[in-house]
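[1] no letters, just coordinates:
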Ligand SMILES: Nc1ncnc2c1ncn2[C@@H]1O[C@H](COP(=O)(O)OP(=O)(O)OP(=O)(O)O)[C@@H](O)[C@H]1O
């Protein structure tokens with residue numbers, strides 16, 4: 001068996017020598033190993049081939065055959081340098097390799113060979129420069145040589161051709177070796193003992209049984225969500241109608257359903273079904289069959305992942321993503337190989353449509369606009385129009401090839417209907433504002449509207465309506481009530497400007513007490529994300545605020561900073577060791593991907609992001625979304641999408657919106673649009689951090705809140721304004737260095753006393769010194785790095801402050817009276833960035849921001865970066881108005897710095913202590929759960 005295996009490898013490795021035959025002895029296992037390494041298949045595949053009695057011969061590069069493999073050698077023999085090929089005949093009778101269609105030819109070859117050589121050992125030698133097919137080849141029996149007759153040669157040529165055919169067939173088989181394995185897997189999935197109940201719900205939608213099996217077995221989905229069942233039924237219905245020639249093949253749909261209701265699978269299921277049921281397999285060389293457009297790269301990556309999971313058993317359906325930030329060259333290479341389902345951002349897709357010849361779009365059957373409204377908001381409208389236009393042209397071309405030429409000649413209207421019959425367009429989002437209407441008009445033809453309403457999963461459009469093929473467009477721009485998932489608990493909190501940062505850390509710290517806490521915090525600018533990221537990762541909370549109820553350590557230890565919550569590498573951040581991540585559009589794509597995937601996989605963590613994370617992301621176990629800065633564009637809609645990152649698919653989740661007291665009306669605006677937000681007390685939130693701490697027993701809530709605020713504010717301000725304190729680790733290192741130094745100097749002193757001063761230092765001393773030097777060097781490096789980070793923190797604080805003011809001016813016209821910059825106390829606002837500056841300094845900061853144009857915040861949202869910091873350059877007129885209001889604001893600010901009372905803490909007196917205490921407990925339990 002092993003010989004045969006080597007033999008197969010040997011044959012397969014017959015490549016070098018440009019026409020030279022290779023001897024069996026000269027091509028032992030190592031040759032085969034090289035062949036492995038050359039990427040011709042796994043060891044498993046090799047064994048599989050060997051077990052199928054693989055014998056093959058490759059044609060040489062010049063088209064000549066190097067040798068003729070012979071089949072009747074019982075063992076391997078070598079004779080000097082002659083090139084000999086043997087095979088163990090005893091194993092020949094086993095099943096041959098190749099597809100069923102190729103097997104007869106293979107048997108024929110073997111039969112002929114057996115007849116020819118009668119089972120004797122045979123050797124063919126080749127002389128240099130001669131083809132083995134010339135009559136110089138000779139048989140050798142024993143010691144003598146014998147020339148082969150013409151008849152034998154003719155027969156051999158025939159064999160050779162047959163072997164060549166077989167080789168090519170084998171090479172095909174090799175290319176699809178994975179097919180076999182995956183087919184086995186698909187077969188296994190089909191045959192796996194699933195109960196009827198597991199697949200019944202999907203089968204009831206008339207989905208392919210292996211797809212239903214895969215959904216249940218591999219993806220764990222046994223029932224479709226309401227939106228999935230509506231979409232699939234509508235699609236199936238239309239397809240059935242097509243088969244009975246009532247409708248054309250295309251089905252256009254507007255799919256609207258609340259966040260986390262499973263819309264991704266809703267549009268992927270029809271795609272998978274369509275690609276699976278056809279008689280002839282789709283080939284990757286056919287080019288794209290489905291295109292899914294998403295507004296952000298993270299969403300594209302996520303959709304790609306879901307599509308891959310869904311289509312995993314059917315490897316010939318290739319899923320791939322192309323998006324901004326990735327290398328064009330490698331994308332081109334993937335496109336050249338063929339991608340069946342393309343997930344892409346619009347800008348990059350258009351780029352490839354214009355510049356990549358190998359991108360074949362003639363057979364596109366599905367075009368999906370995921371988060372359609374966001375695609376429009378981000379300014380992709382032109383790109384999308386162009387994509388649709390080009391796809392339409394391709395579709396017409398494709399139809400022309402199928403005898404649809406008449407449609408091309410009969411005018412644009414006909415072209416739109418007839419020429420596109422092969423493509424279905426889906427427009428998908430949880431919200432459908434007016435901007436989507438333009439997209440629907442551009443890309444959709446007579447769409448079916450699947451609008452899911454209500455929190456109970458009931459859809460507005462009944463099954464009966466669908467069955468009667470009623471196409472209902474219920475999109476009424478701008479006036480829809482917003483629907484949040486029923487299990488989403490929505491809160492808002494009125495927080496004084498100067499307490500915002502403290503309140504943020506409190507909420508996250510409370511949350512960090514849970515073992516599985518995952519939270520997402522939304523900011524209005526990249527600078528703000530960067531600042532808070534650096535701050536949360538590097539500033540340590542004072543020991544009193546690290547207290548965790550239920551953790552067994554004494555108050556004394558806490559106060560002295562030696563308890564479990566007081567040191568250790570994992571606790572060296574504001575959130576006591578909970579990892580912090582960030583994503584925004586100004587990050588390098590690689591970093592962005594890394595952060596996104598790390599956060600996805602993390603059990604606990606905090607993700608700080610701009611609105612780049614607001615749409616479509618499905619992050620497992622996310623339990624809190626915190627909108628630190630309210631959205632500035634299309635506020636209610638964006639609020640809902642941000643909040644909807646949690647409480648998905650029936651899971652519980654919390655959302656919390658921070659508002660300044662002057663913005664309280666915004667909560668009412670959201671409530672008017674159908675969202676149920678409850679207020680939580682800021683003071684209760686602050687006090688909750690110290691509730692239950694025995695060191696602060698007996699203090700009122702007000703006192704607790706004040707303690708937390710004061711302590712935390714001091715820590716933050718000192719970190720930002722004075723630089724980061726040396727970390728515990730480096731302090732420890734520093735102490736060790738000092739100790740080492742001291743010890744060695746003491747020893748030196750001792751030595752000095754004993755010696756005459758010329759004795760070289762002992763080995764031990766040298767080691768100690770080296771260690772001390774190394775520790776000191778690494779300690780210095782740490783301190784330097786920390787100092788640099790401190791400077792960076794200060795710089796970022798100023799930029800983040802500027803960016804906040806700038807972003808504030810970009811709120812939508814409809815809500816500008818709520819988000820009015822004049823109402824903000826700039827001095828207090830600055831403190832929420834850890835800045836303790838005089839009004840004059842703040843004024844110059846704001847002006848600097850304006851004059852420099854703050855490249856990071858002034859950039860325009862564009863197709864390639866997909867960033868939307870909400871601080872895009874306002875128009876000239878509004879910029880002027882903005883400048884005016886800013887100078888007034890500074891006056892207000894200057895005045896307010898000295899005269900405004902601490903409204904937040906005074907408010908504590910207005911409520912009953914018991915009630916507030918209850919609130920605080922609730923906050924503590926809700927946010928820490
Ligand atoms: N049939 C199903 N059964 C159980 N879970 C499902 C099912 N279909 C989808 N899911 C899960 O539901 C979650 C949300 O799905 P998805 O991301 O598609 O929601 P969505 O409606 O697109 O949300 P958004 O509007 O925020 O983009 C995912 O984690 C997905 O795995």
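    Now that the structure is in, tell me what you want to look at. Because the structure is predicted, anything quoted here is derived from the model rather than measured.

[2] quick one: residues contacting residue 490.
    484, 643, 654, 655, 657, 675, 676, 677, 678 (CB atoms under 8 Å, 6 or more residues apart in numbering). Where you see a C-beta, it was placed from the backbone N, CA and C, and this is true even at glycine.

[3] please identify which of these is nearest to residue 353.
    Set against residue 353, the nearest of those by CB to CB is residue 643 (35.7 Å).

[4] any idea how far the closest one lies from residue 272?
    Separation of residue 643 from residue 272 (CB to CB, to the nearest Å): 30 Å.

[5] count of residues packed around the residue lying closest to residue 285 once chain neighbours are set aside?
    Nearest residue to residue 285, sequence neighbours excluded (CB to CB, 6 or more residues apart in numbering): residue 338, at 5.1 Å. The tally of other residues near residue 338 (other CB atoms under 10 Å) stands at 19.

[6] quick one: mean pLDDT over stretch 782-791.
    Averaged across stretch 782-791, pLDDT comes to 79.

[7] quick one, domains of the chain?
    226-231+242-398+421-471, 487-548+572-725+782-845 (the TED database).

[8] which of those comes out lowest on mean pLDDT?
    domain 226-231+242-398+421-471 has the lowest average pLDDT among these, namely a mean of 84.

[9] any part of that domain near the ligand?
    Yes. Applying CB under 6 Å from any ligand atom, one finds domain 226-231+242-398+421-471 touching the ligand at 228, 257, 259, 260, 261, 262, 263, 264, 265, 430.

[10] okay if I get these as JSON lines plus neighbour count and secondary structure?
    Output for these, formatted as JSON lines (neighbours: other CB atoms under 10 Å; DSSP: H, G, I helix; E, B strand; the rest coil):
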{"residue": "228", "neighbour count": "28", "secondary structure": "helix"}
{"residue": "257", "neighbour count": "25", "secondary structure": "coil"}
{"residue": "259", "neighbour count": "25", "secondary structure": "coil"}
{"residue": "260", "neighbour count": "23", "secondary structure": "coil"}
{"residue": "261", "neighbour count": "24", "secondary structure": "coil"}
{"residue": "262", "neighbour count": "20", "secondary structure": "coil"}
{"residue": "263", "neighbour count": "27", "secondary structure": "helix"}
{"residue": "264", "neighbour count": "23", "secondary structure": "helix"}
{"residue": "265", "neighbour count": "22", "secondary structure": "helix"}
{"residue": "430", "neighbour count": "25", "secondary structure": "coil"}
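
[11] okay if I get the residues you listed as TSV plus distance to residue 592?
    Formatted as TSV, these follow (distance: CB to CB, whole Å):
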residue	distance to residue 592
228	30
257	28
259	22
260	23
261	26
262	26
263	24
264	20
265	25
430	23
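
[12] on that earlier part again, the ligand: which of the contacts of residue 490 is nearest?
    The nearest member of the contacts of residue 490 to the ligand, counting by CB to the nearest ligand atom, is residue 643 at 10.1 Å.

[13] quick check: nearest residue in space to that closest one, chain neighbours excluded?
    Counting by CB to CB, 6+ apart, the residue nearest residue 643 is residue 655, at 3.7 Å.

[14] dig out what that neighbour forms beta bridges with.
    residue 490, residue 625 (DSSP bridges).

[15] what's the burial count for it?
    25.

[16] over to the one 5 residues further on?
    Counted with other CB under 10 Å, residues neighbouring residue 660 total 22.

[17] the closest residue to it other than its chain neighbours and the ligand, how far apart?
    Once flanking residues are discounted, residue 660 sits nearest to residue 497: 5.8 Å by CB to CB, 6+ apart. Separation of residue 497 from the ligand (CB to the nearest ligand atom, to the nearest Å) stands at 31 Å.

[18] wait, residue 497 sits on residue 833?
    No. Residue 497 is beyond contact range of residue 833, at 10.2 Å (criterion: CB atoms under 8 Å).

[19] more crowded one of these two?
    residue 833 (28 against 22).

[20] surely that one meets residue 802?
    No. Using CB under 8 Å, residue 833 makes no contact with residue 802, being 9.6 Å away.

[21] pLDDT score assigned to whatever residue of the stretch 101-250 of the chain ends up closest to the ligand?
    Nearest to the ligand, among the residues of the stretch 101-250 of the chain, is residue 221, at 3.8 Å (CB to the nearest ligand atom). On pLDDT, residue 221 comes in at 92.

[22] my guess is it meets residue 215, correct?
    Yes. Using CB under 8 Å, residue 221 is in contact with residue 215, at 4.7 Å.

[23] those two - which one has more neighbours?
    Shown here are residue 221 and residue 215; by other CB under 10 Å, residue 215 has more neighbours (25 against 20).

[24] which stretch of helix or strand covers the more buried one?
    Following DSSP states H and E, one finds residue 215 within helix 209-217.

[25] show me which residues of this structure sit near the ligand.
    Near the ligand, when you scan the chain using CB under 6 Å from any ligand atom, you find 221, 223-225, 228, 257, 259-265, 430, 616, 618, 644, 648-649.

[26] one more time with 8 Å, if that's ok
    Applying CB under 8 Å from any ligand atom, one finds that the chain approaches the ligand through 215, 219-225, 227-228, 257-266, 299, 302, 306, 370-371, 428-430, 615-618, 620, 641, 644-645, 648-649.

[27] okay, and which of those residues map to helices?
    Among those, the members falling in helices (DSSP state H) are 215, 227, 228, 263, 264, 265, 266, 299, 302, 306, 641.

[28] I'd say residue 362 and residue 287 touch.
    Yes. With contact defined as CB under 8 Å, residue 362 reaches residue 287; the gap is 6.5 Å.

[29] contacts only, for residue 335.
    322, 352, 356, 358, 359.

[30] which of the residues you listed are buried? Put it as a ChimeraX command.
    Applying 16 or more other CB atoms under 10 Å to those, the buried members can be selected in ChimeraX as follows:
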select :322,352,356,359
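
[31] quick one: which of the contacts of residue 335 is nearest to the ligand?
    Of the contacts of residue 335, the one sitting nearest to the ligand (CB to the nearest ligand atom) turns out to be residue 322, at 20.4 Å.

[32] identify each buried residue in the host helix or strand of residue 442, please.
    Per DSSP H and E, residue 442 falls inside helix 435-443. In terms of neighbour count (16+ other CB under 10 Å), helix 435-443 has its buried residues at 435, 436, 437, 439, 440, 443.

[33] so which of the residues you listed is the closest to residue 837?
    residue 435 (40.6 Å).

[34] let me know whether that closest one touches residue 376 as I believe.
    Yes. Here residue 435 lies in contact with residue 376, judged by CB under 8 Å, at a distance of 4.0 Å.

[35] count the neighbours of residue 783 for me.
    17.

[36] so how far is the ligand from it?
    45 Å.

[37] quickly find the element holding that residue.
    helix 763-808.

[38] after that helix, which helix or strand is next?
    Taking DSSP H and E, what comes next after helix 763-808 is helix 826-831.

[39] list the helices and strands that following helix packs on?
    helix 763-808, helix 839-852, helix 876-899 (3 or more CB pairs under 8 Å, 6 or more residues apart in numbering; DSSP states H and E).

[40] which residues touch residue 653?
    Counting by CB under 8 Å, 6+ apart, residue 653 has contacts 485, 487, 488, 489, 622, 623, 624, 625, 646, 647.

[41] for PyMOL, write the select line for the buried members of those residues.
    Buried subset of these, written as a PyMOL selection, criterion 16+ other CB under 10 Å:
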select buried, resi 485+488+489+622+623+624+625+646+647
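
[42] which two of the contacts of residue 653 have the greatest separation?
    Every pair of the contacts of residue 653 checked by CB to CB; the farthest is 485 and 624, at 14.4 Å.
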